[in-house]
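> please work out how this folds:
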Amino acid sequence: MRIAIVTSFNKLLYEYYAHRFLHSYNWEFDLHIYHEGWTPSDFDIRDNIHYIDINSGKNGNQLRRFQNKVGYYNVASTVNGRPDKIIHGTDYKKDAIRFSYKVFAKTDFILKSHISNSYDYVFWIDADVIFKKPISKRDVIKKFLPKEYAISFIHRPTYYSECGFVGYNLTHDSTINFVRKFREQYTSLQLVKEKEWHDSFIFDCVRDKWLSGYPQFNLSPQIKKVGNPWPDTPMAEYMDHLKGKARKDAGEMLK
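Coordinates of the predicted model:
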């Protein structure tokens, strides 16, 4: 059973919050980091940490093509070149470019892994997470993505899903088709037909259409707080999610 973790960040986001992710990473699994031509120099090299330039090759070409095409419709919710600077009053739900990097990162990795048979399970984890303690392979599967399920995610019944943590079971027949359809929303610009263009909303649109009838593991069956459901998930024992600007600025979970 082979497990990989995938995330993405650039230099500014590393300095803002992702340094906590990297320096606290204490899991045994391979960590693959998509970057934008810059990698940290303040971190010891580890055999299980790998860097991938999101702007290189076919993936980079498709990402640039998407961002150029969607730029006509896009609503920028952060200052250009400053992803840590939110433009208040703008509609982040129509900022397709801001959230496209994670989609192109994880779909590129999953589809390549499927072709090469590199991994059985891939977990996307946002870079604003801090790791608290290690976890075994057995517990990852048991708690985060049981083998009979295609994907796992944090479902919010009155809101779009929280996609800071998503598990993909590559041994399940339906998973790869779902990932392809998710990516196609971007490469074919289909997402602009939806009422919201951020990755979580599009994730739910594709999931409802292409995974309907397939087993999906809800990581938050007893959700108590829609805004930050992380404390009500099994991941809370192992990680903190600094969701939102206030938590990122503080560098810790807030009550």
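> which residues of the stretch 101-250 of the chain score low on pLDDT?
Along the stretch 101-250 of the chain, segments meeting pLDDT under 70 span 224-225.
> mind listing the helices for it?
Remark: helices assigned in the stretch 101-250 of the chain by DSSP state H, counting those that start in this stretch are 137-139, 175-187, 199-210, 245-250.
> among those, which is nearest Tyr73?
Judged by CB to CB, the one of the helices of the stretch 101-250 of the chain that comes nearest to Tyr73 is helix 175-187, at 12.8 Å. Where you see a C-beta, it was placed from the backbone N, CA and C, and this is true even at glycine.
> let's see that closest one as PDB, backbone CA atoms only.
In PDB, the C-alpha atoms belonging to helix 175-187 read as follows (Å, rounded to 0.1, in the frame of the first residue of the first chain):
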ATOM      1  CA  THR A 175     -11.600   7.700  -9.100                       C
ATOM      2  CA  ILE A 176      -9.500   8.400 -12.100                       C
ATOM      3  CA  ASN A 177     -12.500   9.200 -14.300                       C
ATOM      4  CA  PHE A 178     -13.700  11.600 -11.600                       C
ATOM      5  CA  VAL A 179     -10.300  13.300 -11.500                       C
ATOM      6  CA  ARG A 180     -10.200  13.600 -15.300                       C
ATOM      7  CA  LYS A 181     -13.700  15.200 -15.300                       C
ATOM      8  CA  PHE A 182     -12.600  17.600 -12.600                       C
ATOM      9  CA  ARG A 183      -9.600  18.700 -14.600                       C
ATOM     10  CA  GLU A 184     -11.700  19.100 -17.800                       C
ATOM     11  CA  GLN A 185     -13.800  21.700 -16.000                       C
ATOM     12  CA  TYR A 186     -10.700  23.900 -16.200                       C
ATOM     13  CA  THR A 187      -9.000  22.800 -19.400                       C
END
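> give me the contact list for it.
With contacts defined as CB atoms under 8 Å, 6 or more residues apart in numbering, helix 175-187 is touched by 62, 65-66, 96, 100, 103-104, 107, 110-111, 114, 150-151, 168-170, 190-191, 202-203, 205-207, 209-211.
> filter those residues down to just the ones in strands.
If you go by DSSP state E, the contacts of helix 175-187 have 151, 168-169 in strands.
> what sits against the closest residue to Cys163 other than its chain neighbours?
Counting by CB to CB, 6 or more residues apart in numbering, Cys163 lies nearest to Ser200, which is 4.5 Å off, once chain neighbours are set aside. Contact partners of Ser200, counting by CB under 8 Å, 6+ apart, are 99, 160-163.
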